[in-house]
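> give the three-dimensional model of this entry:
(one chain, ligands or ions: 1)
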Amino acid sequence: MTRIPLIAGNWKMFKTGPEAVDTATHLAQACADVQNKDIMIAPTYVCLPLVATAIADTSLHLGAQNLHFEKQGAFTGEISADMLAAAGVEYVIIGHSERRQYFFETDETVNKKILAAVSNRLKPILCIGETLAQREAGNTFLTLDKQVADGLKSVDPERLQDLVIAYEPVWAIGTGETAGPEQVETVHRFLRTLVDTKISSDLARTVRIIYGGSVKPDNIATLMCIEDVDGVLVGGASLDARIFTQIVKYD
Ligand code: PEP
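This next block holds a predicted model:
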């Protein structure tokens, strides 16, 4: 089974509209010759239409960093899945650890967001990962099992064909710490087996399981050599088009 690697950039709350367009334009030019890899960037909501236009005729894919699970209504400050789809968004990051930590997202709300995403044909990137305390208490696998099971609860496997799971150990995000290759390999194998036993064998073969947590040009090659690593979710190092291009074009 060949899974096309996904190299995804999460721009978090960085970049104004002109800055986002500039970075996206440079990235698209620098990566124009890249084949057999999906490159995605997720700017802030206000930059989505601008970046959608900037990358319209390029090979880059557009993602959002979040959504609200309701279709519309009195939810001040929120954006729905169909609004994202109408703005040209293809992927959506769901359950990022910063959303869980600072905005109190739970596996239950994550599940509602996954359902909203797939109902609107958005490709969900389900973020999961253990905290340092959970790892030190020996609860890594228990935590991940629950996040996957609860996050994907009652979602028809047929609708999960474009699912991406991002394993992002919380202690490795923005800290400069990267999980070691053995740790990453063990967790990714565990996750694929989990999808196989709890959801579907077909999905286990096709689902892309990507790694996130202080990915940089100097560790990308090691990470991408690991079996069951189908790409990366990059925060800080995706903000600079030159550095992100080095990650995309690792060898
Ligand atoms: C992230 O925000 O998903 C992330 C992995 O950040 P960083 O690459 O900066 O650790």
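> what residues does the stretch 101-250 of the chain put near the ligand?
168, 173-174, 212-215, 233-237 (CB under 6 Å from any ligand atom). (Glycine included, C-beta is placed from N, CA and C.)
> can you pick the most crowded of the residues you listed?
For these, the largest number of neighbours (other CB atoms under 10 Å) sits with residue 215, at 29 neighbours.
> show me what contacts it?
By CB atoms under 8 Å, 6 or more residues apart in numbering, residue 215 lies in contact with 178, 223, 232-234, 237, 247.
> for the residue in the chain positioned nearest to the ligand, what are its contacts?
Nearest residue of the chain to the ligand, counting by CB to the nearest ligand atom: residue 235, 2.2 Å away. Contacts for residue 235 (CB under 8 Å, 6+ apart) come out as 9-10, 12, 173-174, 212.
> in the stretch 51-200 of the chain, what spans have low per-residue confidence?
Applying pLDDT under 70 to the stretch 51-200 of the chain flags no residue at all.
> which parts of it are helices?
Using DSSP state H, counting those that start in this stretch, the helices of the stretch 51-200 of the chain run over 81-86, 97-102, 107-119, 132-136, 140-151, 181-198.
> I'd like these as CSV, with distance to residue 18 and mean neighbour count appended.
Shown next, in CSV, are the helices of the stretch 51-200 of the chain (distance: least, CB to CB, whole Å; neighbours: other CB atoms under 10 Å):
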stretch, distance to residue 18, mean neighbour count
helix 81-86, 22, 19
helix 97-102, 25, 17
helix 107-119, 29, 20
helix 132-136, 38, 14
helix 140-151, 36, 17
helix 181-198, 37, 17
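> from the centre of this protein, point out the most distant residue.
In the chain, the residue that sits farthest from the middle, by CA atoms, centre = their mean, is residue 74; the gap is 27.7 Å.
> now that residue: how far from residue 85?
Using CB to CB, to the nearest Å, residue 74 is found at 21 Å from residue 85.
> for the residue nearest to residue 234 when sequence neighbours are not counted, what are phi and psi?
Counting by CB to CB, 6 or more residues apart in numbering, the nearest residue to residue 234 once its immediate chain neighbours are dropped is residue 215, at 4.7 Å. Dihedral pair for residue 215: phi -70, psi 140, per degrees, to the nearest 10.
> give me the residue at the spatial middle of this protein.
Centroid-nearest residue in the chain: residue 125, 4.2 Å away (criterion: CA atoms, centre = their mean).
> who does it form a beta bridge with?
Per DSSP bridges, the residues bridged to residue 125 are residue 93, residue 164.
> so is stretch 32-41 next to the ligand?
No: figure legend: stretch 32-41 not in contact with the ligand (CB under 6 Å from any ligand atom); closest approach 12.2 Å.
> list the buried ones in that stretch?
Of all the residues in stretch 32-41, those buried under the rule 16 or more other CB atoms under 10 Å are 37-41.
> kindly report the same for stretch 7-14.
Applying 16+ other CB under 10 Å to stretch 7-14 flags 7-12, 14 as buried.
> among these, which two are most distant?
Farthest apart among the buried residues of stretch 7-14 by CB to CB are 7 and 14. That separation is 18.0 Å.
> taking the buried residues of stretch 7-14 one by one, which sit in strands?
Using DSSP state E, 7-10 are the members of those that sit in strands.
> any chance of those residues in CSV with distance to residue 242 and pLDDT as columns?
What follows is those, written out as CSV (distance: CB to CB, whole Å; pLDDT from 0 to 100):
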residue, distance to residue 242, pLDDT
7, 15, 98
8, 18, 98
9, 13, 98
10, 18, 98
